[in-house]
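Visitor: Build me a structure from this.
(one chain, ligands or ions: 1)
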Amino acid sequence: MGLFHSTRSREATCTAKQAIRRGIAPDGGLYVSDALGETTIDVATLASKSYFELAREVLGILLPDYTADEIAACVEEAYGGTFASEEVTPLVPLKQAPNADGVSTYVLELFGGPTSAFKDVALQMLPRLMARTGTGDNAGEKIMIVTATSGDTGKAALAGFADAPGCGITVFYPEGKVSRVQELQMTTQEGANVSVCGVRGNFDDAQSAVKRIFADTELAVRLADAGVVLSSANSINVGRLVPQVVYYFAAYAQLLRAGAIKAGDAVEFCVPTGNFGDILAGYYARRMGLPVSRLIVASDKNNVLFDFLTTGTYDRKRPFFTTTSPSMDILISSNLERMLYYAADGDCELVANLMAGLADGGSYTVPAEVLARIQDVFGCGWADEDQVAAAIRDCWDANAYVIDPHTACGYHVLEELPASPGTAARVLLSTASPYKFPRAVAGALGLFCPPSDFACMDVLAKATGTTPPAQLATLQQKPTLHTDVVDVDAMGAFVEHAALNL
Ligand SMILES: *Cc1c(COP(=O)(O)O)cnc(C)c1O
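Guide: Coordinates of the predicted model:
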């Protein structure tokens, strides 16, 4: 009951703890459980539940081998005092709906954590879950977390794992392809167990290299001799995915408490998407009984998911664009593999073949019935750079509310798409503080942007009457501690060196 196996094969099963400790299945697939949807949450009970109660309930269902005490301790450590709001992920009404169909729109602010991006919700939790995976035969073994980041995962993972007992963390980011604030967040990270390194290449290059490092059996043997095992903090880890399911329920609970909907009413969620992790959590919530009319994938100019969702062909052979929404500049959307698994009714062989097609030829096409099932739940849209800037401006003009460029992709898509039939409210997931991208946001609002990003923060604060999060405003005073930059081919050696020095 509740066991996990690879999306690509049912041969080996493992517990949630083992799946979290390993990160990725040995055959390169992602861990899934066929128990998804067997236990649902009664929506009539949601209005009275706090974020902490919802987190305990959702994690208890999806990670069944953790004890109730373990889950409760993880939830308290992860969210007790680490987020700006007691709601953890507060829901804010927009004064004006982005379009004229009369359905109100709300913003779910996911960026109140220590690094000002939504990834904190999962990455404050993952180290606590990871710390409880040590059992008799692997007690004493050290874990080296290896992560490629498109900008936000890196810092959120560093903040979660810095000085975590028994763990080290190595983060690779594409040099020159993250915002200045994002880069400083990572290169100033303190902690004895922390390594940060730029990569000459883009995020997909770095992510693919990390997958090869995980698949390198000779490296694994050398590290095992030294008592170290590698694991992943990327959103392919079930320990990242599961905590994100909670805030879909929390959004619904807040809508109920605000009197915006009645229990059972359908809600539509629009999610700025890159690796498909955040929106997949919405699909899990739906399978667990949350009334979701539609999940809308919002992409930036790297619109590979839009093309897939409209044609059934996933083709990564296309130009890569560096945009103002770097955390969505992704051509290989890893978590889509889990969606394919569920849409194909657990057909591991099909998933394995599709993924082999992607690895070998750069593309795959899903059978028509699989596409139809996905389209049944998912809508999609995308925004180019001009549309992102216009959305930031429109949202400010209509609502006096400042959004970051990632959230702006979602805002633009909501402006374009009418609400799906039967939708009582729309929720836009806001994935980052606008102060993480002060230059792009101030520029979009037509404000004068000084050369320093920190001066841009001040300009933005004055013009909008908002306050930058303290952890971003104080970055410029921190010393840079990490200056390494390597080629993609040298990433494995970098990890090995860091792991052997743990
Ligand atoms: C990571 C990230 C996204 C994309 O999330 P996925 O789970 O990869 O789809 C969107 N916005 C921001 C700000 C992010 O950091």
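Visitor: How about stretch 453-465, which residues are buried there?
Guide: Neighbour counts over stretch 453-465 (16 or more other Cβ atoms under 10 Å) mark 453-457, 459-461, 464 as buried. Heads up, the C-betas are built off the backbone N, CA and C, glycines and all.
Visitor: need these in TSV with distance to residue 336, can you?
Guide: Compiled in TSV, the buried residues of stretch 453-465 are given as follows (distance: Cβ to Cβ, whole Å):
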residue	distance to residue 336
453	33
454	37
455	39
456	34
457	35
459	38
460	34
461	38
464	36
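Visitor: how about the strands in the stretch 301-450 of the chain?
Guide: Taking DSSP state E, counting those that start in this stretch as the test, the strands found in the stretch 301-450 of the chain are 313-315, 363-365, 378-382, 423-430.
Visitor: Same list (those strands) but as a markdown table, adding distance to residue 116, mean neighbour count and mean pLDDT.
Guide: What follows is the strands of the stretch 301-450 of the chain, written out as a markdown table (distance: least, Cβ to Cβ, whole Å; neighbours: other Cβ atoms under 10 Å; pLDDT from 0 to 100):
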| stretch | distance to residue 116 | mean neighbour count | mean pLDDT |
| --- | --- | --- | --- |
| strand 313-315 | 31 | 17 | 98 |
| strand 363-365 | 36 | 18 | 98 |
| strand 378-382 | 24 | 21 | 98 |
| strand 423-430 | 11 | 24 | 97 |
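Visitor: Export the ones you listed to a markdown table and append columns for distance to residue 261.
Guide: Converted to a markdown table, the strands of the stretch 301-450 of the chain look like this (distance: least, Cβ to Cβ, whole Å):
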| stretch | distance to residue 261 |
| --- | --- |
| strand 313-315 | 34 |
| strand 363-365 | 38 |
| strand 378-382 | 19 |
| strand 423-430 | 5 |
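Visitor: For the residue of the chain positioned farthest from its centre, give its distance to residue 142.
Guide: Centroid-distance maximum for the chain: residue 225 at 33.0 Å, with Cα atoms, centre = their mean. Applying Cβ to Cβ, to the nearest Å, the value for residue 225 to residue 142 is 12 Å.
Visitor: Please list all residues in contact with residue 355.
Guide: 8, 28-29, 337, 364 (Cβ atoms under 8 Å, 6 or more residues apart in numbering).
Visitor: Find me the pLDDT at residue 54, would you?
Guide: Per-residue pLDDT puts residue 54 at 98.
Visitor: that's a helix at it, yeah?
Guide: Yes: assessed by DSSP: H, G, I helix; E, B strand; the rest coil, residue 54 belongs to a helix.
Visitor: That one touches residue 253, doesn't it?
Guide: Yes: between residue 54 and residue 253 there is a contact under Cβ atoms under 8 Å: 6.7 Å.
Visitor: Extract the C-alpha set from stretch 424-434 and format it as PDB.
Guide: Provided in PDB are the C-alpha atoms of stretch 424-434 (Å, rounded to 0.1, in the frame of the first residue of the first chain):
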ATOM      1  CA  ALA A 424     -16.600  29.800  -9.400                       C
ATOM      2  CA  ALA A 425     -13.300  31.500  -8.900                       C
ATOM      3  CA  ARG A 426      -9.900  31.700 -10.600                       C
ATOM      4  CA  VAL A 427      -6.600  31.500  -8.700                       C
ATOM      5  CA  LEU A 428      -3.300  32.800 -10.100                       C
ATOM      6  CA  LEU A 429      -0.300  31.200  -8.400                       C
ATOM      7  CA  SER A 430       2.300  33.900  -7.800                       C
ATOM      8  CA  THR A 431       5.600  32.300  -7.800                       C
ATOM      9  CA  ALA A 432       8.100  35.000  -6.900                       C
ATOM     10  CA  SER A 433       8.400  38.400  -5.200                       C
ATOM     11  CA  PRO A 434       8.700  41.200  -7.800                       C
END
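Visitor: Show me what from the protein comes close to the ligand.
Guide: 117-119, 152, 235, 272-278, 327-328, 406, 431-432 (Cβ under 6 Å from any ligand atom).
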